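[1] what's the 3D shape of this:
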Amino acid sequence: MTGTVRTASLASLLGLITFGSTVATAWASGFALREDSAEGLGNAFAGQTAKAYDASTAYYNPAGMSQLSTSELAGSATWIAPSARFGGTNSSPFGGNVSGTTGFNGIKAAAIGSIFGVYHVNDDWALGLSVATPFGMRSEYKEDWVGRYQALASDLTDIEISPVVSYKVNSHWSVGGGPRIDYMDARLTNAINFAAVGAGANLPPAIYSTYSDGLGNVSGSDIGVGYVLSTLYRYDDSTRFGLTYRSRIFHQLSGNVSYQGTPGLLASSFPDQGAKAKITLPDSFNLGAYHDLDQRWAVMSDVSWTHWSVFKTLNVVGDNGQGLSSTNEQWQDTWFMALGANYKPADRWTLHFGTAFDQSPVENQYRTARIPDSNRYWLSTGVSYNVLPSTELNVGYAHLFADSASISETANSAAGTLSGSYSNHADIFSTSIDFKF
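    I've put the predicted structure just below:
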C-alpha cells in the first residue's frame, strides 16, 4: 500500500511539473515567451530575425549586430495579462462530482523584463549581451476549485544570459552566435484528496471519511547551458533575411517535495524528501525577412519551428533513486508564422502592425489543468518615437485569441477526472527604450 499511495500522490503533485511546460501564462507556443521586445511586439514579432533595428538583435539574431553602426543599450518591460476560464466538472472517486468553483480566471498577470547591449568594436566585429526571459508562467487556481486535485499554483521563472559576437564576412553576409546560460526555478502545488487515498488504502470508512484535503508542494531549480547560431544576408539597402538556430538546453531540476495536512495513518506514505526531474527545453529554427517598400512603408515576416516533440515523458525520481511518477506528455512540433508592416507618418514616428498564428504543441488527449494550451492568433500594433537622435521609445500592444481547449484529465484515481473546456485569451502591453552611444 505504501508504494502505491506514494506513487499516486506524487503523480498528482509532480506529474505536470511541466515546469518549463507549465505555461498557461506564457502565451507563446508551449511555455515559451516571445515578449522580450516592445518594438517587436508591435509587429507580432514578424521580421524579428531579420530587422536588426536595435540592440534586441543580440537576442533574436546576433548576426544582426553587424548592421548597427554604433554601440547600443536597450531595456524593455512587458505586462502579460492572460485569461483561462474553465467550465466543466471533476468526477469524485466516491461517485458524483467534486464540489467546487469554476468560471474564474486561473492565470495570474505577470511582468517580465529584458536588457540588451551591443558594443560596436569596428565595422566588422560587434559584441553583445542579452538578459531575457525565454520561458515562464504564473498560474494560481482558487483553493476550492473543482480541479484542485489536478493543480493549484504553478510558477516558473526562467532567465537566460547570453554573451554573443558577430562578424561581417562581406557586404552581404554576417554571422553571429554565442553560449546561452539558462537558470530555471519552479514551484508547483495541488490539493490531495486524503479521503480517497484512505479509501484506496482500505482504511475503514469511519476513519477516512474524517480526512480533510491536504496540500502537496514541489520545488526545484537548475542551471543549463546551450548556444545560439545565426546568420544575416543583406541583399541590398532595402532587403535582408535572417536565420537563427537556438539549441536545446537540458535541465535536471533538483528540489524538494513536501506535504501539509497529512493524516497520521498515511504519514509514512507521504514523507518530505528531495526529488529530481529532467526537462529538455526545445531547439528552434527562426527564419525572417524584411523589405523597405519606400521611405514610408516596410513589410516583414517570420517563420519559426520549435522542436517540442523532445518533450515525450516527464519522470520524477526521489532521493533513493525510486521512480515517483512518469507522465506521458507526447507534445508535437510547432510552427509560428507572422506578417507585419511599418509605416512612418513623420521622420521621428513609426507605426507598427502585425498578425501571427502560434500553434500549440499540446494535443487534446494530453491537455492538463496546468497547461490548458491551444492554438493562438495574434493581432498587434505599436509605435516608436525618436525622442533624440540617440534615444528611441517603443510601445507595443497585442491581443491574443485562442481556440477553445477541451480537457479530460485523470492525474490519478484519488484526483478524479477533470472534464470540460477552457476559454482562453490574453492582452500584452510592452514598453522599451533604446540608447545609442
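[2] please make it C-alpha for all contacts and neighbour counts, starting now.
    Will do.
[3] and A195, that one's in a helix?
    Yes. Under DSSP: H, G, I helix; E, B strand; the rest coil, A195 sits within a helix.
[4] show the contacting residues for it.
    By Cα atoms under 8 Å, 6 or more residues apart in numbering, A195 lies in contact with 208-213.
[5] let's see that with 6 Å instead.
    208-209, 211 (Cα atoms under 6 Å, 6 or more residues apart in numbering).
[6] cool, and L339?
    Counting by Cα under 6 Å, 6+ apart, L339 touches 46, 300-301, 354-355.
[7] give the buried residues for the top strand by length along the chain.
    Determined from DSSP state E, the single longest strand within the chain is strand 214-236. Under the neighbour-count criterion of 16 or more other Cα atoms under 10 Å, strand 214-236 has 214-234 buried.
[8] check stretch 159-177 too.
    Quick answer for stretch 159-177 (16+ other Cα under 10 Å): 159-168, 173-177.
[9] sheet partners, orientation included, of the strand or helix carrying G340?
    According to DSSP states H and E, G340 maps onto strand 334-346. Applying DSSP bridges, strand 334-346 is found paired with strand 297-306 (antiparallel), strand 349-358 (antiparallel).
[10] which one, of those, ends up nearest to S268?
    Among the strands paired with strand 334-346, the nearest to S268 by Cα to Cα is strand 297-306 (42.8 Å).
[11] dump the helix or strand that the closest one is followed by to PDB, keeping only the CA atoms.
    With elements assigned by DSSP H and E, the helix or strand that comes after strand 297-306 is strand 313-318. Extracted C-alpha coordinates of strand 313-318, given in PDB (Å, rounded to 0.1, in the frame of the first residue of the first chain):
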ATOM      1  CA  THR A 313       7.500  12.000 -20.900                       C
ATOM      2  CA  LEU A 314       8.300  13.500 -17.500                       C
ATOM      3  CA  ASN A 315       9.900  11.300 -15.000                       C
ATOM      4  CA  VAL A 316      10.400  12.300 -11.300                       C
ATOM      5  CA  VAL A 317      12.900  10.400  -9.100                       C
ATOM      6  CA  GLY A 318      13.200  10.500  -5.300                       C
END
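[12] in strand 313-318, what counts as buried?
    In terms of neighbour count (16+ other Cα under 10 Å), strand 313-318 has its buried residues at 313-318.
[13] for that strand, name the packing helices and strands.
    With contacts defined as 3 or more Cα pairs under 6 Å, 6 or more residues apart in numbering; DSSP states H and E, strand 313-318 has these neighbours: strand 273-281, strand 323-328.
[14] where among those strands is average confidence lowest?
    When those are compared on mean pLDDT, strand 323-328 scores lowest, with a mean of 68.
[15] skipping its backbone neighbours, what lies nearest H425 in space?
    Spatial nearest neighbour of H425, chain neighbours left out: F401 (5.0 Å); criterion: Cα to Cα, 6 or more residues apart in numbering.
[16] model confidence for the one you found, exactly?
    Looking at F401, its pLDDT reads 95.
[17] per-residue confidence for S154?
    pLDDT, S154: 88.
[18] would you check that it makes contact with A186?
    No. Taking contacts as Cα atoms under 6 Å, S154 lies outside contact range of A186: 7.6 Å.
[19] which of these two has more neighbours?
    Between S154 and A186, counting by other Cα atoms under 10 Å, S154 is the more crowded of the two (31 against 24).
[20] give me the element that one is part of.
    Once you assign secondary structure using DSSP H and E, S154 falls within strand 153-168.
[21] which strands or helices does that strand pack on?
    strand 125-132, strand 136-140, strand 173-192.
[22] who's sitting farthest from the centroid in the chain?
    A206 (45.3 Å; Cα atoms, centre = their mean).
[23] where's the residue nearest to F285 when sequence neighbours are not counted, which helix or strand?
    Leaving aside its sequence neighbours, F285 sits nearest to Y245 (Cα to Cα, 6+ apart; 4.7 Å). Y245 belongs to strand 239-246 when assigned by DSSP H and E.
[24] direction included, what does that strand pair against?
    Note on strand 239-246: by DSSP bridges, its sheet partners are strand 214-236 (antiparallel), strand 284-292 (antiparallel).
[25] turn those into CSV, including mean pLDDT and distance to S268.
    Listed next are those as CSV, based on pLDDT from 0 to 100; distance: least, Cα to Cα, whole Å:
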stretch, mean pLDDT, distance to S268
strand 214-236, 95, 15
strand 284-292, 97, 44
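[26] turn those into CSV, including distance to I428.
    What follows is those, written out as CSV (distance: least, Cα to Cα, whole Å):
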stretch, distance to I428
strand 214-236, 26
strand 284-292, 22
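[27] to T410, which of the ones you listed lies closest?
    Closest to T410 of the strands paired with strand 239-246 is strand 214-236 (Cα to Cα; 17.1 Å).
[28] relative to strand 173-192, how tilted is that closest one?
    Calculated by axes from the mean of the first three to the mean of the last three Cα atoms, to 10 degrees, strand 214-236 forms an angle of 170 degrees with strand 173-192.
[29] span of stretch 50-69 from start to end?
    Start-to-end span of stretch 50-69 (Cα to Cα, to the nearest Å) is 16 Å.
[30] report the buried residues of it.
    Residues 50-52, 54-68 are the ones in stretch 50-69 that count as buried (16+ other Cα under 10 Å).
[31] check the offset of stretch 223-242 from the chain's centre.
    22 Å (Cα atoms, centre = their mean, to the nearest Å).
[32] next one: stretch 156-171
    Put simply, stretch 156-171 sits 20 Å off its chain's centre (Cα atoms, centre = their mean).
[33] just stretch 219-238 next, same as before
    Centroid separation for stretch 219-238 versus its chain: 17 Å, with Cα atoms, centre = their mean.
[34] so for L293, what's the pLDDT?
    Turning to L293, the model gives it a pLDDT of 97.
[35] what's the spacing between it and K344?
    Separation of L293 from K344 (Cα to Cα) stands at 12 Å.
[36] so where's the stretch 301-437 of the chain uncertain?
    Scanning the stretch 301-437 of the chain for pLDDT under 70 picks out 323-327.
[37] now stretch 174-192: buried residues?
    174-192.
[38] and what of stretch 265-276?
    266, 269-270, 272, 274-276.
[39] what of stretch 380-390?
    Counting neighbours by 16+ other Cα under 10 Å, one finds that the buried residues in stretch 380-390 are 380-386.
[40] same thing with stretch 409-422?
    So for stretch 409-422, counting by 16+ other Cα under 10 Å, buried means 409-419, 421-422.
[41] for stretch 233-252, output the C-alpha coordinates as PDB.
    These are the backbone C-alpha positions of stretch 233-252, laid out as PDB (Å, rounded to 0.1, in the frame of the first residue of the first chain):
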ATOM      1  CA  TYR A 233      22.000  38.100 -45.500                       C
ATOM      2  CA  ARG A 234      21.800  41.700 -46.700                       C
ATOM      3  CA  TYR A 235      20.600  41.600 -50.300                       C
ATOM      4  CA  ASP A 236      20.700  45.400 -50.700                       C
ATOM      5  CA  ASP A 237      20.000  48.500 -48.600                       C
ATOM      6  CA  SER A 238      16.200  47.700 -48.500                       C
ATOM      7  CA  THR A 239      16.100  43.900 -48.100                       C
ATOM      8  CA  ARG A 240      17.600  41.400 -45.700                       C
ATOM      9  CA  PHE A 241      17.000  37.900 -44.500                       C
ATOM     10  CA  GLY A 242      17.900  36.300 -41.200                       C
ATOM     11  CA  LEU A 243      18.200  32.700 -39.800                       C
ATOM     12  CA  THR A 244      18.700  31.800 -36.200                       C
ATOM     13  CA  TYR A 245      19.100  28.400 -34.500                       C
ATOM     14  CA  ARG A 246      18.700  28.100 -30.800                       C
ATOM     15  CA  SER A 247      19.900  24.800 -29.300                       C
ATOM     16  CA  ARG A 248      18.200  22.500 -26.800                       C
ATOM     17  CA  ILE A 249      19.000  23.100 -23.200                       C
ATOM     18  CA  PHE A 250      19.000  20.200 -20.700                       C
ATOM     19  CA  HIS A 251      17.900  20.700 -17.100                       C
ATOM     20  CA  GLN A 252      17.900  18.400 -14.200                       C
END
